[in-house]
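Peer 1: mind folding the following:
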Amino acid sequence: MKPRLLLVLMLAGCGVLEPENGARFDPPAYYRTIYQAVEACTGRSGSYGALRFYVVPVEGMDMAGMTYGQDIYIREDFVGRHLVVKHEMIHALLGTSGHPYRPFVEPCHATWGSEPVS
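Peer 2: Residues are numbered from 1 along each chain as shown. Okay, here's the model as predicted:
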């Protein structure tokens, strides 16, 4: 997928109607590590255990992910994408659908093109 399309899909997913066909799933262990990094970069703390993750079929959602409160919906082809998971966790932690520069771009690098090149 092209980077610009991914960004559009990510941004479009924040604040759109909740998908009806999401299936709850137990997140992989490394999601907790991502959440700890999100807490560190945002300077906020939350409850990882309060998050609920749902996977949505490709045909069931036009965007990579979306968040409603503590419910995080991730399209099945993005479940393993660190950037998408981190982006949606920031929404859950901040309780916002917007994308303020701080923390989404700096210091969290949670938008396409804002991640440091290694």
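
Peer 1: contacts, neighbours, all on C-alpha from now
Peer 2: Fine.

Peer 1: got a list of what the residue positioned nearest the centre of the chain touches?
Peer 2: Residue closest to the mean C-alpha point of the chain, counted by Cα atoms, centre = their mean, is Glu88 at 1.9 Å. If you count contacts by Cα atoms under 8 Å, 6 or more residues apart in numbering, Glu88 has them with Gly65, Met66, Thr67, Ile72.

Peer 1: now swap in Asp26 and tell me
Peer 2: Contacts were defined as Cα under 8 Å, 6+ apart; by that measure Asp26 touches Phe53.

Peer 1: most neighbours, which of the contacts of Glu88?
Peer 2: In terms of neighbour count, Met66 stands highest of the contacts of Glu88 at 32 neighbours, by other Cα atoms under 10 Å.

Peer 1: quick one: pLDDT of the residue nearest to the centre of the chain?
Peer 2: Taken from the predicted model, the pLDDT recorded for Glu88 is 97.

Peer 1: confirm that it sits in a helix.
Peer 2: Yes: when the secondary structure is assigned by DSSP: H, G, I helix; E, B strand; the rest coil, Glu88 falls within a helix.
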